[in-house]
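Chemist: Build me a model from this:
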Amino acid sequence: MELLKEYNSPAKAAAEVAVRFGVSRSQAHRYVRKAGAMTEKMVVPGHKIPFTIKLSQDLIGTLREYTVSTGRTLSEVVTQALESFLRGIHGRG
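Modeler: The predicted structure follows:
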């Protein structure tokens, strides 16, 4: 990650990520950690806000099992699923 190289400190790089991309400091630290382990350039998504929906208990259980088995967050999985779904809708038009 270029910011990590530029600031030569994960804490300083995370502070810059938080300011530059409008994410929380804890999220910025997660991005810096993840980016440090990657070989390609990491894209930081736009600012995220909490969004409440109601899902069946079974679906939530399946989602949680999937996140544990893949090491991904619930937000990552749901975001990818929704983006894929919406691309499919727009592609049919």
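
Chemist: how about stretch 24-31: buried residues?
Modeler: For stretch 24-31, the neighbour count (16 or more other CB atoms under 10 Å) marks 27-29, 31 as buried. C-beta here means a position set from N, CA and C on the backbone, and glycine is covered the same way.

Chemist: Please name whichever of the residues you listed scores lowest on pLDDT.
Modeler: pLDDT across these is lowest for residue 31, at 80.

Chemist: Does it touch residue 14 like I think?
Modeler: Yes. At 7.4 Å, residue 31 and residue 14 qualify as touching, with contact defined as CB atoms under 8 Å.

Chemist: who touches the longest helix anywhere in the chain?
Modeler: The residue-count maximum for a helix in the chain (DSSP state H) belongs to helix 74-92. Helix 74-92 has contacts (CB atoms under 8 Å, 6 or more residues apart in numbering) with 45, 48, 63-64, 66-67, 70.

Chemist: Got a PyMOL select line for the buried ones in the residues you listed?
Modeler: Listed next is the PyMOL selection for buried residues among these, using 16+ other CB under 10 Å:
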select buried, resi 67
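
Chemist: Which residue lies nearest the spatial centre of the protein?
Modeler: By CA atoms, centre = their mean, the chain has its centre lying nearest to residue 76, at 5.2 Å.

Chemist: Can you tell me how far it is from residue 12?
Modeler: 26 Å (CB to CB, to the nearest Å).

Chemist: same deal with residue 79?
Modeler: 28 Å.

Chemist: Test my guess that residue 25 contacts residue 16.
Modeler: No. Applying CB under 8 Å, one finds residue 25 not in contact with residue 16, separated by 10.8 Å.

Chemist: Regarding residue 72, what is its secondary structure?
Modeler: coil (DSSP: H, G, I helix; E, B strand; the rest coil).

Chemist: Near it, how many other residues are there?
Modeler: Using other CB atoms under 10 Å, residue 72 has 13 other residues around it.
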